[in-house]
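with the sequence up front, the predicted model follows.
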Amino acid sequence: MRVLLLPAWAENPYQALLARHLRTRGAAVRDAPWQELLHPVRIWRAGTDVVHLHAPGRPTRTRSSARALHRAARAALGLAFLRAVGVRLVWTAHDLQDHDQRHPVLDRWLTRITARLAGGVIVHGEHARSLVAQRFGIRGARASPGRLAVIPHGSFDLYAREGAAEDARRLRESLGIGADDFLFLFFGAIRDYKAPLELARAFAESGLRERGAHLLFRGPHRDPALVKELERMARDVPHLHVDPGFVPEEEVAGTMAASDAVVTPYRAVLTSGSAVLAMSLGRACVAPRLGGLPDLIDENCGFLYEADARDGLRDALRAAFAAREALPEMGRIARERATRVSWDHIAERTLQVYARGASSSGSQV
């Protein structure tokens, strides 16, 4: 089976891990930028059996409305052509919308077309399944388990490494965080939809700084103005640390080990790779009760809060701090939950979705 993953994800290990385990089962897997979808004849002539989409709204990421419309139309025509010639289309719904949200109407239109043309749609949990079905009108036979399949998100425990505890000690020391101080961690890309400014404000209002709590933002960014505002706040708020920039793979485990709890304060989310990473490395999470996060996190391994509650995030930070003694056990449960489904099993289930997609690829939409 020849599989094309679109678009290629250099910034996220999910696709690479999936591809590796698909290959162990005999699939020939390659990835390409989303622009490959604008050349559907080339995809077909390459003998591709399955096109597996991971971010269908990517063509709308441009400032120009005209260019976004042109790209979205060509991508939709490309998908329709591939389906017509018998190439199986599968979509893994990682998000309900593109995070850039430059052209939300076009993004939703293109994603809805993807959902209708796909012979199989994969989600990572039951909450996510319900939300995707409702958002994109997946009903009747198209919502059957064979067409709308729940396959859990695989773990990111590949980042685990010996020496993480010593790396954590050095990181804390470099930031002036004592061994007995409490550290909240925001890890990963610092982007507006993840509500970093709201988190900084909630931390400042929590009163936890006076009790030895710190908050660290660590990860890359594409918005200098956002990071500049965070750094301005850090100058005014003691114990608020901002470390923008790419985090080398060998430092991920130490950064997680330095923290007591990881905070993922999204405004909108379906699946959170940051939460999966934190749980894979044994950390309890503070997160909103949004999207598919309740599929991952409950009171045994984290702290969920109502996203629309005025003081929800602040109160969740306080709850995590108050539960300090329980956090190691919560982290153990989090790791167990994140790693309970192997990537081997995920690859096997994904191949089953590919095979089911063959029977529906020629049916009427």
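Looks like it came in fine. Fair warning: this is a prediction, and the values are worked out from it, not measured in the lab.

list the residues that contact Phe217.
Residues near Phe217 by C-beta atoms under 8 Å, 6 or more residues apart in numbering: 186, 190, 196, 200, 230, 241-244. From N, CA and C alone the C-beta is placed, and that goes for glycine too.

ok, now Asn300?
With C-beta under 8 Å, 6+ apart, Asn300 has these contacts: 330, 333.

let the chain start at 105 from now.
I'll keep to 105 as the first residue from here, and by that count the last item is Asn404.

model confidence for it, exactly?
Confidence at Asn404, expressed as pLDDT, is 98.

tell me which residues touch Gly316, please.
282, 284-286.

including neighbour count, could those residues go into TSV?
Shown next, in TSV, are the contacts of Gly316 (neighbours: other C-beta atoms under 10 Å):
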residue	neighbour count
Gly282	11
Asp284	6
Asp285	15
Phe286	22
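
sort out for me which of those residues are in strands.
Among the contacts of Gly316, DSSP state E puts Phe286 in strands.

quick one: buried residues of stretch 185-201?
Buried residues in stretch 185-201, defined by neighbour count with 16 or more other C-beta atoms under 10 Å: 186-187, 191-201.

ends of it, what's the gap?
By C-alpha to C-alpha, to the nearest Å, the extent of stretch 185-201 from end to end equals 24 Å.

with stretch 273-284 instead?
Start-to-end span of stretch 273-284 (C-alpha to C-alpha) is 11 Å.

which residues touch it?
Stretch 273-284 is touched from outside by 285, 287, 316, 318, 320, 345, 355, 358-359, 362, with contacts defined as C-beta under 8 Å, 6+ apart.

same check, this time on stretch 450-457
Here stretch 450-457 has contacts from 105, 122, 125-126, 128-129, 131, 156, 194, 224, 226, 253, 255-256, 258, using C-beta under 8 Å, 6+ apart.

if we can go back for a sec, output the contacts of Gly316 in a markdown table, with distance to Val367 appended to each entry.
Listed next are the contacts of Gly316 as a markdown table, based on distance: C-beta to C-beta, whole Å:
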| residue | distance to Val367 |
| --- | --- |
| Gly282 | 20 |
| Asp284 | 20 |
| Asp285 | 16 |
| Phe286 | 12 |
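
how near is Arg371 to Val209?
19 Å (C-beta to C-beta, to the nearest Å).
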